[in-house]
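S.K.: Quick check, what structure comes out for this input:
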Amino acid sequence: MRRRLPASLSRSIVAIAMPAVLALVAGGCARSDDVEDEGQPHAELSGVLLDLQLDEISGLAASHRHDDVLWLHDDGGNPPRLFAVNDRGGRLATFRVEGVTKTDWEDLAAFEFDGKRYLLIADTGDNGGLRRTLQLHVVEEPATLENARLQPAWSIAFRWPDGARDCEAVAVDARRGEILLVSKKRQPPELFSLPLRPPAGELLTAQRLGTLSGVPAPDPERLKRAPRRARIDSQVTAASLSPDGRTLAVMTYRHLLLFPRAEGANWADAVAQAPRVSVLPWLPQAEALGWAADGGSLYATGEFIPAPLYRITP
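M.R.: Coordinates of the predicted model:
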């Protein structure tokens with residue numbers, strides 16, 4: 001969470017920073033010193049987030065109900081709200097989520113369950129490692145893109161099995177009735193699961209499934225040049241499950257990892273195998289990732305305004 005600047009100052013900063021953002025994007029979308037050593041997916045600039053309401057974006061999911069529409073939410077310290085934007089980054093509508101307390105929203109997932117389309121909001125951030133319980137809120141995806149208020153269809157309260165941890169990456173496997181959660185700061189990252197539709201009112205304990213293999217370690221040269229940044233490069237900041245339910249995409253501050261799940265395998269087996277790893281295009285603090293509704297690409301953006309909105313074809 002960051003201290004918010006006055007709107008007039010924020011607009012000035014956006015105006016000044018915008019040419020630099022476009023120059024970085026036009027310069028190849030990736031850090032030139034990374035490409036020789038690691039693969040780079042094809043990334044196209046879909047749009048740019050310029051709206052000051054879209055500062056601190058920490059969750060992204062592609063709509064399964066509206067063509068070329070993305071859902072976004074922002075970090076803690078802001079009202080409990082969801083934004084509908086087009087695939088160029090323009091805000092279409094804002095939805096206030098009522099009846100919930102927003103502590104630290106960190107990820108967003110879109111899914112279909114029992115014939116309805118839903119969005120899952122993950123209030124799972126815990127920078128200080130102090131939260132005893134965390135919440136997941138499920139809202140039905142709005143049919144109309146007009147400013148409105150939403151109520152959760154259901155909420156899930158849970159805790160970790162062995163003490164607090166930060167978590168910014170959550171995905172939904174509706175076919176298996178399972179929510180997947182990936183820890184942020186522990187190395188290697190840990191994978192947990194929760195039931196998607198548990199009995200109401202219960203405090204659940206997340207089940208630890210295993211750890212993620214293949215998360216790149218800090219590069220020695222990067223450690224010399226930018227030690228602080230290099231040490232956090234491998235922290236997981238978002239996750240998303242492909243619409244066919246077969247590939248878990250995981251984002252760190254520097255990389256995109258794809259974990260395919262073989263027929264008959266579970267997610268513990270899938271993340272134990274070496275993933276496909278590629279370097280992300282340039283992003284100002286990579287925080288939000290979501291598969292496109294057609295499953296052929298992923299959208300990604302960062303936390304600061306202005307921020308590029310990419311469509312990445314792995």
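S.K.: Now the closest residue to H42 other than its chain neighbours: phi and psi?
M.R.: Distances taken as Cβ to Cβ, 6 or more residues apart in numbering put T313 closest to H42, at 4.4 Å, once the chain neighbours are dropped. The C-beta positions use only the backbone N, C-alpha and C, and glycine is treated the same way. Dihedral angles phi and psi of T313 (degrees, to the nearest 10) take the values phi -100, psi 110.
S.K.: cool, and W267?
M.R.: According to degrees, to the nearest 10, W267 has phi -70, psi -30.
S.K.: who's in contact with it?
M.R.: Going by Cβ atoms under 8 Å, 6 or more residues apart in numbering, W267 touches D173, E178, L180, L191, S193, L209, L248, R261.
S.K.: Apply 7 Å and report the result again.
M.R.: Counting by Cβ atoms under 7 Å, 6 or more residues apart in numbering, W267 touches L180, L191, L209, L248, R261.
S.K.: Just give me the closest of these to A217.
M.R.: L191 (18.6 Å; Cβ to Cβ).
S.K.: Enumerate the positions of the one helix or strand that closest one maps to that are buried.
M.R.: In this assignment (DSSP states H and E), L191 forms part of strand 190-195. Across strand 190-195, burial judged by 16 or more other Cβ atoms under 10 Å covers E190, L191, F192, S193, L194.
S.K.: what's the distance between that strand and the middle of its chain?
M.R.: 16 Å (Cα atoms, centre = their mean, to the nearest Å).
S.K.: hey, where'd the helices end up in this structure?
M.R.: 7-26, 220-225, 227-232, 267-272 (DSSP state H).
S.K.: Mind checking the pLDDT average for the first one?
M.R.: The reference is to helix 7-26. For helix 7-26, the mean pLDDT works out to 47.
S.K.: and what of the second one?
M.R.: On average, the pLDDT along helix 220-225 is 89.
S.K.: For that helix, list every residue counted as buried.
M.R.: Neighbour-count burial for helix 220-225, counted by 16+ other Cβ under 10 Å, picks out R222.
S.K.: shaky segments in this structure?
M.R.: The chain contains residues with pLDDT under 70 at 1-40.
S.K.: S63 is in contact with L82, isn't it?
M.R.: No: look at S63 against L82 with Cβ atoms under 7 Å: they stay out of range, at 10.9 Å.
S.K.: Which neighbours do the two have in common?
M.R.: Taking Cβ under 7 Å, 6+ apart as the contact rule, S63 and L82 both touch W71.
S.K.: Surely Q235 touches Y253?
M.R.: Yes: between Q235 and Y253 there is a contact under Cβ under 7 Å: 5.9 Å.
S.K.: and the spatially closest residue to G210 that is not a sequence neighbour, what does it touch?
M.R.: Closest residue to G210 apart from its sequence neighbours, by Cβ to Cβ, 6+ apart: A268 at 4.4 Å. A268 makes contact with L191, L209, G210, according to Cβ under 7 Å, 6+ apart.
S.K.: Might you report the residue contacts of the second one?
M.R.: Counting by Cβ under 7 Å, 6+ apart, L209 touches L191, F192, S193, W267, A268.
S.K.: swap in the last one?
M.R.: With contacts defined as Cβ under 7 Å, 6+ apart, G210 is in contact with L191, A268, V271, A272.
S.K.: Alright, that wraps it up for me.
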